[in-house]
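A.B. asks: what's the 3D shape of this:
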Amino acid sequence: MVTSYHTRGLMAVMAGLLFTTAGLCQKKAGAVRQKNSVGMEFAPVAPGSFQMGSPAGEKDRLETETPHTVRIGKGFWMGIHEVAQKQYAQVTGGDPAHFKGDNLPVEKVSFDDALDFCRKLSALPQERAAGRSYRLPTEAEWEYACRAGTNTPFHFGESVNGMQANHDGTKPYGTSQSGPNLGKTAPVGSYPANAWGLHDMHGNVWEWCADWYGPLVADAVTDPKGADKGAGRVLRGGSWANAGKNCRAADRYGYDPSSRTNYLGFRVILEISQSETRVK
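C.D. replies: Numbering: from 1, shown residues only. Okay, here's the model as predicted:
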C-alpha cells in the first residue's frame with residue numbers, strides 16, 4: 001500500500017520524537033563520541049528495532065529489498081565519516097585512491113583491503129592499549145545506522161538531487177529538479193549528518209559491509225549476519241557516480257570482493273573492551 005505524503009510526514013515526526021527520546025536517554029547514560037589515535041571519530045548508535053528493506057510502494061525498489069523487522073540488540077560505535085585517505089595511509093602506509101586528497105574518502109579498496117585496514121588499525125599499540133578494535137558493519141547495522149529512526153528513502157526525506165548527498169544529480173530521485181554532478185568524490189563530512197551524527201551515508205562512495213550478498217528473510221530477526229556464502233559482498237549507500245535511486249537507504253548490491261574501483265570505499269565500527277564505554 002502506498003502511504004500518502006501527509007501520513008508519511010506524521011510517521012516521520014513520530015519517529016523523530018522516538019529518536020529524540022532515545023537520544024536524551026543516551027546522553028543521560030553519558031555516551032559521547034570516541035576519537036582514536038589516527039583522528040577517526042565515532043558516534044554511538046543505540047540498540048533498537050527498525051523496518052529493514054523497502055515498502056512495496058517505494059519507487060524504484062528492488063525485489064531483493066524484502067521488508068522485515070530487525071532488532072539490533074547491542075549498541076555500537078560507527079565512524080562518523082567514511083575512512084579518509086590520510087587515515088588509510090597512516091594505518092597501511094599506502095593510498096590507492098584515484099581522486100587524491102587527505103580528506104577525500106579512500107577508494108579503489110577491495111573488501112579484503114578494508115578488512116586488512118581493520119586488522120592493522122586494531123593492532124596499533126595505542127589502540128590495543130585502549131582496548132579498541134575495528135570491524136566492518138553488518139548490512140543490518142549499516143541500514144539501521146543510515147536510517148537513524150526514519151522510514152523514508154533517505155534519512156533526510158523523500159528526494160535527492162545532488163544537493164543533499166554526493167551523487168549524479170542529473171539523475172534525481174523523488175523530484176524532477178536536477179542538481180549538481182561533481183563527477184568525483186567530495187571531502188568526508190561535506191554534507192549534513194543524520195540524527196546519529198553520521199555523514200555521507202548516502203552517496204560519495206559505496207561502502208563495504210561484512211555480509212555475503214543473499215536474499216533477505218521476511219521474518220523478524222535479531223542481529224542478522226547475512227548469507228553463509230555467496231559470490232559477492234554487500235555494498236551500501238551508492239556513490240558519486242550513481243543515480244539517486246541507488247543511494248536509497250534500502251538499496252543493496254552484491255559485488256566481487258576483489259574489485260577495486262574509484263567508487264568503492266568503506267567505514268568501520270569501533271568496539272571497546274571496557275564495559276563503561278559501551279553504547280546502551
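
A.B. asks: Which residue ranges of the protein form strands?
C.D. replies: Using DSSP state E, the strands of the chain run over 34-35, 41-45, 48-52, 68-72, 76-79, 132-135, 206-212, 221-222, 233-236, 252-255, 264-265, 269-272.

A.B. asks: between those strands, which gets nearest to residue 197?
C.D. replies: For the strands of the chain, the distance to residue 197 is smallest for strand 41-45, at 4.1 Å, taking C-beta to C-beta. C-beta coordinates here come from the backbone N, C-alpha and C atoms, glycine included.

A.B. asks: hmm, who's touching the closest one?
C.D. replies: 26, 31-36, 72, 75-81, 141, 144-145, 196-198, 269-270, 279 (C-beta atoms under 8 Å, 6 or more residues apart in numbering).

A.B. asks: buried ones in it?
C.D. replies: Of the residues in strand 41-45, 42-45 count as buried by neighbour count, 16 or more other C-beta atoms under 10 Å.

A.B. asks: go on, stretch 48-64?
C.D. replies: 50, 52-55, 58, 61-62, 64.

A.B. asks: between these, which is nearest residue 231?
C.D. replies: Using C-beta to C-beta, residue 64 comes nearest to residue 231 of these, at 14.0 Å.

A.B. asks: Who are the contact partners of the closest one?
C.D. replies: 215-216, 252.

A.B. asks: again, but for residue 205
C.D. replies: Residues near residue 205 by C-beta under 8 Å, 6+ apart: 82, 105, 107, 185, 237, 239-240, 263-266.

A.B. asks: so what's residue 270 closest to, chain neighbours aside?
C.D. replies: In this structure, residue 270 finds its nearest non-sequential neighbour in residue 77, 4.0 Å apart by C-beta to C-beta, 6 or more residues apart in numbering.

A.B. asks: for the one you found, what are its contacts?
C.D. replies: Per C-beta under 8 Å, 6+ apart, neighbours of residue 77: 34, 42-45, 269-272, 279.

A.B. asks: Tell me the buried residues in stretch 66-84?
C.D. replies: In stretch 66-84, counting by 16+ other C-beta under 10 Å, buried: 70, 72, 75-84.

A.B. asks: just for the chain, where's the confidence low?
C.D. replies: Along the chain, the parts satisfying pLDDT under 70 run over 1-31, 274-280.

A.B. asks: mind redoing it with 50?
C.D. replies: 1-30, 275-276 (pLDDT under 50).

A.B. asks: That one: helices as residue ranges?
C.D. replies: 5-28, 85-92, 111-123, 125-129, 139-147 (DSSP state H).

A.B. asks: quick one: residue 245 and residue 84, what's the gap?
C.D. replies: With the distance defined as C-beta to C-beta, to the nearest Å, residue 245 ends up 27 Å from residue 84.

A.B. asks: oh sorry, the question was meant for residue 210
C.D. replies: Distance from residue 210 to residue 84, by C-beta to C-beta: 21 Å.

A.B. asks: cool, residue 270 as well?
C.D. replies: 15 Å.

A.B. asks: and what of residue 167?
C.D. replies: Relative to residue 84, residue 167 is positioned 19 Å away (criterion: C-beta to C-beta).

A.B. asks: cool, and residue 188?
C.D. replies: Remark: distance between residue 188 and residue 84 (C-beta to C-beta) = 5 Å.
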